[in-house]
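A.B. asks: 3D model of this:
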Amino acid sequence: MRTQEERMGQSRSDVLSGTLDLLVLKTLARGTMHGYGITLHIQRVTNEVLRVKEGSLYPALHRMEQDGWIRSE
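C.D. replies: Okay, here's the model as predicted:
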């Protein structure tokens with residue numbers, strides 16, 4: 001776990017990116033899903049509070065695949 005001083009050094013985009021990664025991974029833990037399905041699931045479980053746009057989702061999916069966290073078919 002990071003200290004508050006370490007967390008404060010993070011940029012806002014790093015925090016948002018990490019949050020999106022976590023949401024995507026939790027969604028994919030339910031099973032295989034395409035990008036649009038991931039977006040719909042996140043909207044549904046957050047009662048429409050969070051809406052992930054393609055311009056955020058697909059770069060995140062590509063980054064997570066490059067890092068070995070997920071794989072595409």
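A.B. asks: Going by C-alpha atoms from here, please, whenever you check contacts or count neighbours.
C.D. replies: OK.
A.B. asks: Count the residues that sit near the closest residue to residue 64 other than its chain neighbours.
C.D. replies: Leaving out its chain neighbours, the residue that sits closest to residue 64 by CA to CA, 6 or more residues apart in numbering is residue 70, at 6.0 Å. Other residues within reach of residue 70, judged by other CA atoms under 10 Å, total 14.
A.B. asks: Can you classify residue 70 by secondary structure?
C.D. replies: Using DSSP: H, G, I helix; E, B strand; the rest coil, the structure places residue 70 in coil.
A.B. asks: Quick check, it in contact with residue 33.
C.D. replies: No - with contact defined as CA atoms under 8 Å, residue 70 does not reach residue 33; the gap is 11.3 Å.
A.B. asks: which regions of this structure lie under the pLDDT threshold?
C.D. replies: For the chain, the stretches with pLDDT under 70 are 1-18.
A.B. asks: mind running it again at 90?
C.D. replies: Along the chain, segments meeting pLDDT under 90 span 1-19, 50, 72-73.
A.B. asks: now the helices for it?
C.D. replies: 4-8, 12-28, 35-45, 54-66 (DSSP state H).
A.B. asks: Now for residue 53: which residues touch it?
C.D. replies: Taking CA atoms under 8 Å, 6 or more residues apart in numbering as the criterion, residue 53 is in contact with residue 39.
A.B. asks: State the distance from the closest residue to residue 60 other than its chain neighbours to residue 53.
C.D. replies: Spatial nearest neighbour of residue 60, chain neighbours left out: residue 21 (6.9 Å); criterion: CA to CA, 6+ apart. Separation of residue 21 from residue 53 (CA to CA, to the nearest Å): 14 Å.
A.B. asks: Report the contact partners of residue 24.
C.D. replies: Taking CA under 8 Å, 6+ apart as the test, what residue 24 contacts is 38, 42.
A.B. asks: Residue 57 too?
C.D. replies: Contacts for residue 57 were tallied using CA under 8 Å, 6+ apart; they are 20, 35, 39.
A.B. asks: Same question for residue 43.
C.D. replies: 49, 50, 51, 52.
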